[in-house]
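**Student:** I'd like to go over a predicted model; first the sequence, then the structure.
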Amino acid sequence: MAAIEVTALRRVFTQRRRPGHVALDGIDLRVERGEVFGLLGPNGAGKTTLSRILSTLLLPTSGTVRVAGHDVVTEARAVRSCVGLVLGGERGLYGRLSPRRNWEYWAAMCRVPSRVARTRIASLLAELGLESRADEPVETFSRGMLQRVHLGRALVADPPVLILDEPTSGMDPNAAIGFRRLVEDLQAAGKTILMATHDMAEAEQLCTRVAFLDRGRILATDDPERLGRALDGVRTISATHVAPAAVRRLEALPGVGECTVDGSGKVVVGVTRREDVSPVLAVLAEENARDIRTAGPGLLEVYRTLIADREFSL
Amino acid sequence: MTGVAGVAIHSVRMQLRLVLRRLGSLAPLLINPLYVVVFFGAVAAHRPSAELLTSLGLTAFVMAAWGHAVFTASHVIDEERFSGTMEVNLTAPAGYLVSLVVRIVTVTVLAAPVIAEVAVVGLLTHGTGLVIRVPFQFFVAVLTCLAGCAAGALLLSGLLVLVRGARTLQNALTYPFYLLGGLILPHFSLPEGLRQLSDAFFLTWAVEGLRAAAAGSPGGWRDLGLAAALAVASGAAGTLMLQRVLLRLRRGEVRFHD
Amino acid sequence: MTDKARSLFQVLWLGLLSSFEDYRRLFTWKSWLLGWLLRLVAQVLFFAMLGRLTGTVADERYAAVGNALVLAPLGCLGVVASTSLERRLGTLQLLLLSPTDPLVVLLSRGLYWVFDGLLTSLVTLGVVSALLGLGVQHGALPLIFCGQVVLTLSTYAMAMAVSGLSIRWPEARTFLTSTLTIVLLAGTGVNTAAPAGNPVWSVPLHLIPVRNGLPAVRAAVAGTPSTVPFLTHLGLECLIGLGWLAMAHFAVVGSVRHQVRTGRLTTAT
């Protein structure tokens, strides 16, 4: 049984005297247990709507959605026992209360026995590095710490499925790296994680599979590497110890779009077609270049290819 | 402890902690009973009886309790929306409705000590506290009054989410209701039409019950019974409305935050 | 008009316009009538009933007029809340970045409370006059209006001083405004003629806005104002108002300096 199964999901927001806005339009999705699944797409693509439906905060207009085998409409209570929602930022916590008090309240709402809750809270405080500030109001916390409090709150009830809605937005790089490490630990512990994010590097690092959403539809679903390989996009080839003559040969090759060299003799070559990679590699080998590496198009390139650039238009 | 009782106990504790961390929200509770100074001052020149002063003291208490319910207790749900905690709490398997109701009642009940404050202020400024002839009945009357205020706060908190612009109408729930509830002149002196409306308002009977208990006059228990019945009815309506609010949020018909 | 004065008026005018836009979002005409005006009329009737409780028509009239007139000064206290809201929304720090004196900026942003107070107080006086038969003459309106402007502006200056304090101590805002409401209702002769009382108390009570000017406006309402007492009462009220304006300057400038020094201006409470 899959952790999340979505079939023909449609959500329309109706407004008085206006045509309905289709937020999700025929979504089919299957997330297996233990997966870290990324939802990628621009603002307004439907990521948050989907996350809300999965966490029972919003009812679908049509289609079926099952989480851990339970229907989100008819078995909402059972779904809620299996899902932990993690929001990003300062919203969703009682700022005047400490992490311990926030979690205690949540544990009570999830009917976790007090003794179990106390033990779990103690170990979560240690695991998330919040022990020293366990009894301080969370409104005094930094963004990275707040995110750990969010995660701890969701984990107090030990749900098998976690839904993370833009968990690292606005975090500094160190905090984001720390948070990603926590997600990796959770995956190792067998949790299923669905993560809506704008951060392509984060999705590449963490997700076993990703889905690209735009205007309420899924454009592509696969693992990040395969999506990149399938794309006829920019590939980069880098190497060190490249002589100036070799650089001139590389620049003369057809299909080489960009060729940059730094002072230490490291060269980075960009090509757009798959068939242009081999001649570049051949030249580098002939010129005895070292540390030759190739990188296919990343999720960022996939994103730029799949989703039309609307710049600042809404 | 798990189950509904566990949720209720944790909700009371949590709400008290939230209030204690922002004592400023209780400032009106501390200050509003001082209306007793205004009332006593207004009648002082006419050598008022202890009964009249007690009645005015009770008016100050009811105003403070009702005002607290309307402007503070009913905002529990609003604050939940503002802070984004409502979104998260709705994903709890059960118990959020229970928790909300318990938290609103908890905040309302914090107005209980105001009765003592009114008595002390009256005593200090005009040498007269509250004269209570039947203490037990008076105690029941205070509880009934607070229960009714909590029921009103429940109803209002649902309306604040469902009805756009309800916040600006909140002001109309104070003095017009004080007149309607007979806080100064007895409700039977109201004009026809308004009096019938007043009869259906719990505050009318709660105030009558409080005054009867203080004066030891007959009919107090009947008034309290009526007040309690109306409080239960509006409490049930308020709970149903909150349930409806939560459902409409899930349907996406109401936004989680403004 | 000098450039300085022109720019001062421009700031006040633009502040008023922008804050009036905020106010318009707060109310529709229906919610203003059913929510705000209904409450104010009921408030005046409530205290008038208190006068009736003691059995004299004179007391009822006295309380009705006093409570209708004090609505404008009470309305000005709204500026304390709106200044705090600016701080919470983060717009206060941006406003204070301007080269204009912070007091002028805040005065301009809250000026709509003065207009709102004047309007509601005069409309309420009209409604209550009709309901209780107070017999306020139309001819008395210009004098009543002038008197009300003085009472309202002097209270506005005091409210601005409290706004200054609430910038520094935001948690005390509700406490301060609730206390001022009680002081204005109990200490200025709104419900009953202010007794001469103990001189130790009467001196500080005379420093409260409204107390000095209210008898003048009452006389205008009754249609019996004598020029000299009328002007004397309002003159005293103006002096008290100017005193509070000076206090407001110290409170606002002092609080802003303190908040900038401690870096707390952006802390929303």
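**Tutor:** That came in fine, so what should we check first? Residues are numbered from 1 along each chain as shown, chains lettered A, B, ... in the order given.
**Student:** flag every residue of chain C that's near chain B.
**Tutor:** Within chain C, the positions adjacent to chain B are C:26-28, C:31-32, C:34-36, C:38-40, C:42-43, C:45-47, C:49-55, C:59, C:63, C:171-175, C:178-179, C:181-182, C:185-186, C:191-192 by CB under 8 Å from any CB of the partner chain. For the C-beta atoms, the positions are set from N, CA and C on the backbone; glycine is no exception.
**Student:** tell me the buried residues within these.
**Tutor:** Taking 16 or more other CB atoms under 10 Å in any protein chain shown as the criterion, what is buried in these is C:31-32, C:34-36, C:38-40, C:42-43, C:45-47, C:49-54, C:59, C:63, C:173-175, C:178-179, C:181-182, C:185-186, C:191-192.
**Student:** for the helix or strand where residue B:234 lies, buried residues please.
**Tutor:** Per DSSP states H and E, residue B:234 falls inside helix B:220-251. For helix B:220-251, burial by neighbour count (16+ other CB under 10 Å) applies to B:220, B:223-224, B:226-228, B:230-231, B:234-235, B:238-239, B:241-242, B:245-246, B:249-250.
**Student:** and stretch A:297-310, by the same measure?
**Tutor:** Residues of stretch A:297-310 classed as buried by neighbour count (16+ other CB under 10 Å): A:297-299, A:301-307.
**Student:** elements contacting the longest helix belonging to chain A?
**Tutor:** Longest helix in chain A by number of residues (criterion: DSSP state H): helix A:173-188. If you count contacts as 3 or more CB pairs under 8 Å, 6 or more residues apart in numbering or on different chains; DSSP states H and E, helix A:173-188 packs onto helix A:143-156, strand A:192-197, helix A:200-206.
**Student:** can you list contacts of that helix?
**Tutor:** A:34, A:36, A:128, A:142-144, A:147-148, A:151, A:155, A:162, A:164, A:167-168, A:171, A:193, A:195, A:199, A:202, A:205-206 (CB atoms under 8 Å, 6 or more residues apart in numbering or on different chains).
**Student:** would you put the C-alpha positions of stretch B:181-191 in PDB?
**Tutor:** Taking only C-alpha atoms (Å, rounded to 0.1, in the frame of the first residue of the first chain), the coordinates of stretch B:181-191 have been written out as PDB:
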ATOM      1  CA  GLY B 181     -30.200  43.800  29.900                       C
ATOM      2  CA  GLY B 182     -31.600  46.300  32.300                       C
ATOM      3  CA  LEU B 183     -28.200  47.100  33.800                       C
ATOM      4  CA  ILE B 184     -29.300  50.500  35.000                       C
ATOM      5  CA  LEU B 185     -33.100  50.700  34.900                       C
ATOM      6  CA  PRO B 186     -34.900  47.400  35.300                       C
ATOM      7  CA  HIS B 187     -35.800  45.700  32.000                       C
ATOM      8  CA  PHE B 188     -39.500  46.000  32.600                       C
ATOM      9  CA  SER B 189     -39.200  49.700  32.200                       C
ATOM     10  CA  LEU B 190     -38.100  49.300  28.600                       C
ATOM     11  CA  PRO B 191     -40.500  50.300  25.900                       C
END
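**Student:** what about that stretch, average pLDDT?
**Tutor:** Averaged over stretch B:181-191, pLDDT sits at 85.
**Student:** host element of the closest residue to chain A within the stretch 1-150 of chain C?
**Tutor:** Taking CB to the nearest CB, chain A has its nearest neighbour within the stretch 1-150 of chain C at residue C:88, 13.2 Å off. For residue C:88, the element it lies in under DSSP H and E is helix C:78-89.
**Student:** may I have the next helix or strand after that helix as CSV, with CA atoms only?
**Tutor:** Later in the chain than helix C:78-89, the nearest helix or strand by DSSP H and E is helix C:91-96. Output of helix C:91-96 as CSV, limited to C-alpha atoms (Å, rounded to 0.1, in the frame of the first residue of the first chain):
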residue,chain,number,x,y,z
THR,C,91,5.0,51.2,9.3
LEU,C,92,5.9,53.4,12.3
GLN,C,93,9.6,52.9,11.8
LEU,C,94,9.3,53.9,8.2
LEU,C,95,7.3,57.0,9.1
LEU,C,96,9.9,58.0,11.6
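**Student:** tell me which other helices or strands helix C:91-96 touches.
**Tutor:** Helix C:91-96 sits against helix C:78-89, helix C:102-132, with contacts defined as 3+ CB pairs under 8 Å, 6+ apart.
**Student:** list the contacts of that helix.
**Tutor:** Under CB under 8 Å, 6+ apart, the answer for helix C:91-96 is C:83, C:86-87, C:102, C:105-106, C:109, C:167, C:256, C:265-266.
**Student:** hmm, back to that, mind listing what's buried in the longest helix of chain A?
**Tutor:** Using 16+ other CB under 10 Å as the test for burial, helix A:173-188 gives A:175-176, A:178-180, A:182-183, A:186-187.
**Student:** phi, psi of residue 164?
**Tutor:** I'll assume chain A. Backbone torsions for residue A:164, taken as degrees, to the nearest 10, come to phi -110, psi 120.
**Student:** hmm, no, I was thinking of chain C.
**Tutor:** Per-residue torsions, residue C:164: phi -60, psi -50 (degrees, to the nearest 10).
**Student:** and it, how far is that from residue A:8?
**Tutor:** As judged by CB to CB, to the nearest Å, residue C:164 and residue A:8 stand 61 Å apart.
**Student:** quick one, which of the two is more surrounded?
**Tutor:** residue C:164 (24 against 13; other CB atoms under 10 Å in any protein chain shown).
**Student:** okay, now residue B:213: neighbour count?
**Tutor:** With other CB under 10 Å as criterion, residue B:213 counts 26.
**Student:** that's a strand at it, yeah?
**Tutor:** No. Counting by DSSP: H, G, I helix; E, B strand; the rest coil, residue B:213 is located in no strand; its state is helix.
**Student:** pretty sure it is touching residue B:131, no?
**Tutor:** No. Here residue B:213 does not reach residue B:131: they are 11.2 Å apart, not a contact under CB atoms under 8 Å.
**Student:** wouldn't residue B:226 be in contact with residue B:205 here?
**Tutor:** Yes. Using CB under 8 Å, residue B:226 makes contact with residue B:205 at a distance of 4.2 Å.
**Student:** look up how far residue A:79 lies from the nearest residue to residue B:171 once chain neighbours are set aside.
**Tutor:** Computed as CB to CB, 6 or more residues apart in numbering or on different chains, the closest residue to residue B:171 that is not its neighbour in sequence is residue C:39, at 4.3 Å. Counting by CB to CB, the gap from residue C:39 to residue A:79 is 45 Å.
**Student:** just residue A:194 next, same as before
**Tutor:** Distance from residue A:194 to residue A:79, counting by CB to CB: 13 Å.
**Student:** just to revisit the earlier point, weed out the non-buried ones from the contacts of helix A:173-188.
**Tutor:** Buried by 16+ other CB under 10 Å: A:36, A:128, A:143-144, A:147-148, A:151, A:155, A:162, A:164, A:167-168, A:171, A:193, A:195, A:199, A:202, A:206, out of the contacts of helix A:173-188.
**Student:** part of a helix, is the residue nearest to residue B:171?
**Tutor:** Yes. Counting by three-state DSSP, residue C:39 falls inside a helix.
**Student:** so what's it up against?
**Tutor:** B:171-172, B:174-176.
**Student:** for chain B, just list every one of the strands.
**Tutor:** Using DSSP state E, chain B contains no strands.
**Student:** brain fart, chain C
**Tutor:** With strands called from DSSP E, chain C shows none.
**Student:** what pLDDT is listed against the residue nearest the centre of it?
**Tutor:** Closest to where the C-alpha atoms of chain C average out (CA atoms, centre = their mean) is residue C:73, at 2.6 Å. Confidence at residue C:73, expressed as pLDDT, is 96.
**Student:** got it, and residue C:13?
**Tutor:** Predicted confidence (pLDDT) for residue C:13: 78.
**Student:** next: residue C:81.
**Tutor:** Reported pLDDT for residue C:81: 87.
**Student:** for it, which residues are in contact?
**Tutor:** Residue C:81 sits next to C:173, C:177 when contact means CB under 8 Å, 6+ apart.
**Student:** quick check: it vs residue B:199, distance?
**Tutor:** Counting by CB to CB, the gap from residue C:81 to residue B:199 is 36 Å.
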